[in-house]
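[1] My questions concern the predicted model and sequence given below.
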Amino acid sequence: MAIFGKDDREHVRLDREKLPRHVAIIMDGNGRWAQRRGMPRTFGHKAGVEALREIIRHSDDLGIEALTIYAFSSENWKRSAEEVGALMGLLLEYFTKELDELHRENVRIRILGDIDGMPKGLERQQSALHAAIDRTQGNTGLNLNIALNYGGQQEIVRAARQLARRAASGEIAPEEIDQAMFAGELYTAGLPEVDFLIRTSGEMRLSNFLLYQCAYAEFYQTDVLWPDFDRDAYDEALLAYQRRNRRFGGV
Ligand code: IPE
Ligand code: IPE
Ligand code: MG
C-alpha cells in the first residue's frame, strides 16, 4: 500500500523507547562491492558515502543520541597511494558539501583519531575537520563521531599518557584514577558507552575500533556490504538489538 511505505511499517515495529543511545558502525565491504561489479575499489568508496548519508539521516530521524562511524583506521595508511588519495578526496568533498546541512540539522561533529598526525599534504582535510568540529560544537542534536586516523589501542595509550602527565605534574594522584577519569581522556569523553556495534560485510573482528568503549556493546554482523546497507537493513539491525537481553554481568 502506497500510503504505508515500508519505512513507516519498520518504524512502527521499532520501539523508540528501547533504541540504543550510542550506535557504532564498522562500515566495511566497499572494495568487495566494487570488485563484484568489475569496478575499481574507489567506486565502492563513493557508493559508501551515499550509504553513510542515509544512515546518518535515519539515525537523526530516530533520535539516536550518538553515532560513531569508522571511516579510516590508523592501519588503513597501508593501502595503495591511489586508494588512500581517493578516500582523502572523498573526505574533503563530504565535509565541504555536507557541513551546512549537518549544522542546520543541529548535528554535533566530533572526530575520533589523530587529526594532526595525518601525513603531510592533507592540510586541507585537516582544516576542514577542525572547521566542522568548531562550527558544530554548540549543537545539541545527534552526536556524529567520525573515527579517522583512529586506532583503539593508540587511543588507550594516549589516555594513559595524558593521565601520567597530569599525575607527574601533581594535578592528580595515581590513586584517584578510576574508570570515569580514564574515559574522560578518550576521544569519546562525555558520550555514553557504545550500546550497539554493527559490522557489515561478514567480517567478525573489531579491527582496533573502540576497544575500551565497547566493553558491553551488543555486537551485530551482517553479510550486507556497506554500500548496500540502507535504512531497512539498519532497522533490521536495530530490531535485533531490541530483542537482545543485556545482562551486564547480572542475571
Ligand atoms: C571499508 O571498506 C572502507 C574503509 C576501510 C575505508 P573496505 O575498503 O575495507 O572494503 P573491503 O573490506 O576491502 O571490501
Ligand atoms: C576497518 O576495516 C576500518 C574501517 C572500516 C575504516 P578494514 O577493512 O580496514 O579492516 P580489516 O583490515 O579487514 O581488519
Ligand atoms: Mg575492509
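    Okay, I see it. Ligands and ions are numbered 1, 2, ... in the order given.
[2] can you tell me the residue of the protein closest to ligand 2?
    Ser207 (3.6 Å; C-beta to the nearest ligand atom). Where you see a C-beta, it was placed from the backbone N, CA and C, and this is true even at glycine.
[3] ok, that residue - how many residues close by?
    Counted with other C-beta atoms under 10 Å, residues neighbouring Ser207 total 14.
[4] same question, Ala159
    Burial measure for Ala159: 19 neighbouring residues, criterion other C-beta under 10 Å.
[5] before we move on, what about Arg32?
    Residues within reach of Arg32, counting by other C-beta under 10 Å, total 16.
[6] who's in contact with the residue of the chain closest to ligand 2?
    If a contact means C-beta atoms under 8 Å, 6 or more residues apart in numbering, then Ser207 has 26, 70, 73, 75 as its contacts.
[7] Please pick the buried ones from those.
    Applying 16 or more other C-beta atoms under 10 Å to the contacts of Ser207, the neighbour count classes 26, 70, 73 as buried.
[8] Check the residues you listed one by one and keep those near ligand 2.
    Filtering the buried ones among the contacts of Ser207 for neighbours of ligand 2 using C-beta under 6 Å from any ligand atom leaves 26, 70, 73.
[9] where's the residue in the chain that ligand 1 sits nearest to relative to Leu87, distance?
    Taking C-beta to the nearest ligand atom, ligand 1 has its nearest neighbour within the chain at Gly31, 2.9 Å off. Plainly put, Gly31 is 11 Å away from Leu87 if you go by C-beta to C-beta, to the nearest Å.
[10] Could you do Ser207 as well?
    Counting by C-beta to C-beta, the gap from Ser207 to Leu87 is 16 Å.
[11] Walking through the protein, point out its helices one by one.
    With helices called from DSSP state H, the chain shows them at 6-13, 30-36, 41-62, 81-104, 123-136, 152-168, 179-183, 231-242.
[12] re earlier: quick one: which of the buried ones among the contacts of Ser207 is nearest to Lys97?
    Minimum distance to Lys97 across the buried ones among the contacts of Ser207 is 20.8 Å, recorded for Tyr70 (C-beta to C-beta).
[13] in the sheet, who's paired with the closest one?
    Ile26, Ala147 (DSSP bridges).
[14] Name the nearest residue to the residue nearest to the spatial centre of the chain, ignoring sequence neighbours.
    Using C-alpha atoms, centre = their mean, the residue of the chain that lies closest to the mean C-alpha position is Ile69, 1.5 Å off. Nearest in space to Ile69, with sequence neighbours left out and distances taken as C-beta to C-beta, 6 or more residues apart in numbering, is Ile25 at 5.0 Å.
[15] Equivalent analysis for Thr200, please.
    The shortest distance from Thr200 to any residue that is not its chain neighbour, by C-beta to C-beta, 6+ apart, is 4.7 Å, and that residue is Trp226.
[16] Could you double-check that that neighbour sits in contact with Gly31?
    No. With contact defined as C-beta atoms under 8 Å, Trp226 does not reach Gly31; the gap is 9.6 Å.
[17] Comparing the two, which residue is more hemmed in?
    Set side by side, Trp226 and Gly31 show unequal neighbour counts under other C-beta under 10 Å, the larger going to Trp226 at 26 against 20.
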